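*Asks:* structure for the following, please:
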Amino acid sequence: MTNEPVLPPLGTPWRFNRFHREWLLEQASNLFDFFQHGVINPAGGFFDLDDAGEPIAAANPVRQIHNTTRMVHCFAIGTLLGRPGCDAIIDHGMEYLWKAHRDAQNGGYVWSLNNDGPKDDTKQAYGHAFVLLAASSAKVVGHPLADRLLADITQILDEHFWEEQHGAVTEEFTRDWQPLSQYRGQNSNMHLTEALMAAFEATGERTYLDRAERIAGLIIGRHAASLDYRVAEHFHADWSLDRHYRGDDMFRPYGTTPGHWLEWARLLLQLWSLGGQRHAWMPDAARQLFRQSIDLGWDRDKGGFFYALDWDDRPRLSLKLWWPCAEAIGAAAFLAEHSPSDFHEQWYR
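*Replies:* As a prediction, the model looks like this:
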């Protein structure tokens, strides 16, 4: 494949095409169908599902906090779309968050549980970002537990994770709030940016938006801009770049992750719009991030985005995952809206 797709004359943008929008809604409906009818675990939390949408058999299944919270968020969207039955999944997830993931003794939310209690009892910024997102989404649909959860997670983020001197959050603690490492990561801060915007939309409280803008300024305005709009993943405690960090290949891969460049392209445009378009650098940064993800991250021979690149822009993890493509579609849609061009429209298609 070439770097830019060859397509017929563009005509009307697909975003305004009735048939295309109906197709998008069908895709969303299919996803809700897949998860809705088999995901609830009667013992608490949600099952992992196989390719047929059936619970994966396990004697004592592990429930991770990002799965619990994402189910609440997604089915809150389903509620806003008017889909019947979503409220039962929101109820189930909110109860499990409060009664199981929440550490009533020490505060905060543990990473994973099984039927016997905590499996991994660490307190991760990544997981807490998604608790904020779930609470905010639940508040938008009027869930009765949302205000309590939102107040609690906001206090935890304030007291334990937020580092005012840097304008970002620290990464991880033991169950009783002892620091686990000096590591600082962009991934957790990126997802917190998304959650802070959701919290601002749900409450109107400006502090959430201000913090989202500060994180974006650090991760993209300072670091990515200095790296020709490659998004660095790993940092030392003072937020200096750690080029040599080697974590696990899923959550903390070595090098850079083009899918996150795409994710930030969308988030920056959301943040720019939500904040009253007061940060003029954000739209251009979004365009640069998207262009670099295509130029460096796209497999020109076989299609798809490489999962991770090394610091010489060579594929380090060449596997193709679903979520960078999803993020590319979202980023292209936002760019086509705010920076209309044939390039963005072609890549959206």
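*Asks:* low-confidence stretches in the chain?
*Replies:* Counting by pLDDT under 70, the ranges of the chain that qualify are 1-9.
*Asks:* quick one, domains of it?
*Replies:* For the chain, automatic domain parsing gives the domain ranges 59-181, 186-349.
*Asks:* for the ones you listed, give me CSV that also has mean neighbour count and distance to residue 34.
*Replies:* Just so you know, the C-beta spots here come from the backbone N, C-alpha and C atoms, and that holds for glycine as well. Shown next, in CSV, are the domains of the chain (neighbours: other CB atoms under 10 Å; distance: least, CB to CB, whole Å):
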stretch, mean neighbour count, distance to residue 34
domain 59-181, 19, 11
domain 186-349, 19, 13
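*Asks:* mind checking those for the one nearest to residue 21?
*Replies:* domain 186-349 (11.5 Å; CB to CB).
*Asks:* out of the domains of the chain, flag the one nearest residue 12.
*Replies:* Nearest of the domains of the chain to residue 12, taken as CB to CB: domain 186-349 at 9.9 Å.
*Asks:* now the end-to-end length of the closest one.
*Replies:* Domain 186-349 has an end-to-end distance of 29 Å (CA to CA, to the nearest Å).
*Asks:* what does the helix or strand where residue 282 lies contact?
*Replies:* Counting by DSSP states H and E, the element that carries residue 282 is helix 281-297. By CB atoms under 8 Å, 6 or more residues apart in numbering, the surrounding residues in contact with helix 281-297 are 3, 216, 220-221, 224-225, 228-231, 258-259, 261-262, 264-266, 268-269, 271-272, 305-306, 309, 313, 324, 328, 331-332, 334-335, 338-339, 344, 347.
*Asks:* quick one: residue 96 and residue 43 touch, right?
*Replies:* No - with contact defined as CB atoms under 8 Å, residue 96 does not count as touching residue 43 (9.6 Å).
*Asks:* quick one: the strands in the stretch 51-200 of the chain?
*Replies:* Per DSSP state E, counting those that start in this stretch, the stretch 51-200 of the chain carries strands over the ranges 63-64, 112-114, 117-120, 123-124, 162-163, 168-169, 172-173, 184-185.
*Asks:* for the fifth one, packing partners?
*Replies:* Okay, so that is strand 162-163. strand 168-169 (3 or more CB pairs under 8 Å, 6 or more residues apart in numbering; DSSP states H and E).
*Asks:* quick one: strands adjacent to the strand it packs on?
*Replies:* Using DSSP bridges, strand 168-169 pairs in its sheet with strand 162-163 (antiparallel).
*Asks:* my read is residue 261 is in a helix, agree?
*Replies:* Yes - assessed by DSSP: H, G, I helix; E, B strand; the rest coil, residue 261 belongs to a helix.
*Asks:* state the distance from it to residue 206.
*Replies:* Distance of residue 261 to residue 206, computed by CB to CB, to the nearest Å: 28 Å.
*Asks:* could the strands of the stretch 51-200 of the chain be laid out in TSV, adding distance to residue 22?
*Replies:* What follows is those, written out as TSV (distance: least, CB to CB, whole Å):
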stretch	distance to residue 22
strand 63-64	34
strand 112-114	39
strand 117-120	42
strand 123-124	39
strand 162-163	43
strand 168-169	40
strand 172-173	44
strand 184-185	39
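*Asks:* nearest to residue 142 among those would be which one?
*Replies:* Evaluated over the strands of the stretch 51-200 of the chain, closeness to residue 142 peaks at strand 63-64, with 25.3 Å, by CB to CB.
*Asks:* distance from that closest one to the middle of the chain?
*Replies:* A distance of 17 Å separates the centroid of the chain from that of strand 63-64, by CA atoms, centre = their mean, to the nearest Å.
*Asks:* that strand: partners in the sheet, and parallel or antiparallel?
*Replies:* Sheet pairing of strand 63-64 (DSSP bridges) gives strand 112-114 (antiparallel).
*Asks:* off-centre distance for the partner strand?
*Replies:* Centroid separation for strand 112-114 versus its chain: 21 Å, with CA atoms, centre = their mean.
*Asks:* what lies in contact with it?
*Replies:* Here strand 112-114 has contacts from 44-45, 60-65, 100-101, 118-120, using CB under 8 Å, 6+ apart.
*Asks:* let's see that with 6 Å instead.
*Replies:* 60, 62-64, 100, 119-120 (CB atoms under 6 Å, 6 or more residues apart in numbering).
*Asks:* closest to residue 75 among the residues you listed?
*Replies:* Nearest to residue 75 among these is residue 63, at 15.9 Å by CB to CB.
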